[in-house]
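Student: just coords:
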C-alpha cells in the first residue's frame with residue numbers, strides 16, 4: 001500500500017494571475033504558502049478483485065475505467081495506464097470547497113500515489129505539471145497553476161509563470177515564523193463552488209492585482225510585515241469589485257476583524273466563502289473576540305510526501 005499526504009495552501013499575493021487567460025498574455029508572479037492541513041491518499045493493488053474501487057466523498061466500485069465518476073481519479077489512472085485491480089481512498093483534514101486548494105492537493109496526491117505504485121520517484125515538478133495537465137487540459141477545469149505547485153513543493157514560495165506556462169519556483173526569503181505568527185485564520189461556515197466562480201472570472205483588474213503582488217513581495221522580503229498587512233486590505237477591497245467574492249455576513253465579519261485590530265485580510269482562494277485570513281499584531285485579542293471558528297496552522301515545508309509504502 002502507498003500512503004501519501006499532500007498539504008493544502010493559501011495565497012499570500014497575486015491570486016488570480018496564475019490563470020491561463022492572464023499569464024499567457026502577461027506572465028505571472030504569485031506567492032503561496034503550504035500549510036500543515038493535509039489530504040491523504042492511500043492506494044493499493046487488489047490481486048483478487050479485478051475492479052476499481054474509489055472511496056472519497058462517495059464510494060465507487062466499477063469494472064471499467066470509463067465508469068469512474070471522479071474525473072481526477074479516472075484520468076490520472078488513464079495517464080499512468082492503471083485499468084483494474086486497484087483501490088484508492090482519500091481523506092481530508094479540512095472540508096472541501098473552502099478556498100484552501102483541496103482539488104489541487106487531491107490531484108497532486110493522486111498523481112504521487114499512482115506514480116509511486118508504478119515504481120517511479122516523481123520530482124515535485126512532475127507532480128505539479130502532470131496534475132495541472134490532467135485538471136486543466138484533459139478535464140477542462142477553469143484552474144490556474146497555484147494549487148498544484150504549492151501542494152507539490154510545500155513551503156512559502158514565489159512562483160513565476162511565463163507566457164508558455166513554465167513555472168519557476170524560489171523560496172520567499174523572510175522571517176516565516178514571524179509572518180506565521182501574524183496571520184490568523186477563521187472558518188466562516190460558508191462553502192462555494194470554486195470552478196463556478198473561476199469560470200465567471202475575467203482578466204479585468206488583474207493588472208492591479210499583479211502590481212500589489214510585487215509590492216507584497218518587496219514588503220515581505222524586507223520584513224515590513226505591517227506594510228504587507230495593509231496591502232492585504234487594499235488587495236481585498238479591490239478584489240471585491242471584480243465579482244461575487246463575498247456576501248453581507250462575510251463583509252460584517254471582515255469589518256469586525258479590522259475593528260479588533262487587524263490591518264488587513266481577505267477570503268482565502270477564489271472567494272465566496274471558506275476561510276477568512278487576517279493580518280494582525282494582536283492575535284490573542286482577535287482570536288478571543290472573533291465570533292468564528294479559529295483554525296490554527298503552521299507552514300508545511302515538505303510538500304507532497306509518501307509516508308508509507
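Tutor: Ah, there it is. Owing to the predicted nature of the structure, the values given are computational and were not obtained by experimental measurement.

Student: first vs last residue of stretch 92-103, how far apart are they?
Tutor: End-to-end span of stretch 92-103 (C-alpha to C-alpha, to the nearest Å): 11 Å.

Student: tell me which residues in it are buried?
Tutor: By neighbour count with 16 or more other C-beta atoms under 10 Å, stretch 92-103 contains the buried residues 92, 94, 96-103. The way it works is simple: take the backbone N, C-alpha and C, and place the C-beta from them, glycine included.

Student: who touches it?
Tutor: With contacts defined as C-beta atoms under 8 Å, 6 or more residues apart in numbering, stretch 92-103 is touched by 8-10, 35, 37-40, 57, 72, 106, 135, 141, 143, 146-147, 150-151, 187, 191-194, 267-271, 273-275, 295.

Student: after the helix or strand harbouring residue 284, next one along is what?
Tutor: Using DSSP states H and E, residue 284 falls within helix 283-289. Following helix 283-289 in sequence order, the next helix or strand is strand 293-295 (DSSP H and E).

Student: Does anything pack onto that next one? Which helices or strands?
Tutor: Contact partners of strand 293-295 among helices and strands, from 3 or more C-beta pairs under 8 Å, 6 or more residues apart in numbering; DSSP states H and E: strand 183-187.

Student: quick revisit: take the contacts of stretch 92-103 and keep only those in helices.
Tutor: 72, 106, 146-147, 150-151, 194 (DSSP state H).

Student: Next, format those as JSON lines and append distance to residue 210, pLDDT and neighbour count.
Tutor: As requested, the ones in helices among the contacts of stretch 92-103 are arranged in JSON lines below (distance: C-beta to C-beta, whole Å; pLDDT from 0 to 100; neighbours: other C-beta atoms under 10 Å):
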{"residue": "72", "distance to residue 210": "29", "pLDDT": "98", "neighbour count": "24"}
{"residue": "106", "distance to residue 210": "28", "pLDDT": "97", "neighbour count": "25"}
{"residue": "146", "distance to residue 210": "14", "pLDDT": "95", "neighbour count": "29"}
{"residue": "147", "distance to residue 210": "18", "pLDDT": "96", "neighbour count": "29"}
{"residue": "150", "distance to residue 210": "18", "pLDDT": "98", "neighbour count": "33"}
{"residue": "151", "distance to residue 210": "23", "pLDDT": "98", "neighbour count": "34"}
{"residue": "194", "distance to residue 210": "21", "pLDDT": "54", "neighbour count": "26"}
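
Student: of these, closest to residue 301?
Tutor: For the ones in helices among the contacts of stretch 92-103, the closest approach to residue 301 (C-beta to C-beta) belongs to residue 150, at 12.0 Å.

Student: Now do the same contact list for the closest one.
Tutor: Each residue near residue 150 by C-beta under 8 Å, 6+ apart is listed here: 7, 9, 32-34, 101, 104, 157, 159.

Student: distance of it from residue 58?
Tutor: 27 Å (C-beta to C-beta, to the nearest Å).

Student: Show me where this protein has its helices.
Tutor: Under DSSP H, the chain gives helices at 20-26, 71-80, 102-117, 124-132, 146-153, 176-182, 194-199, 206-221, 225-239, 248-259, 283-289.
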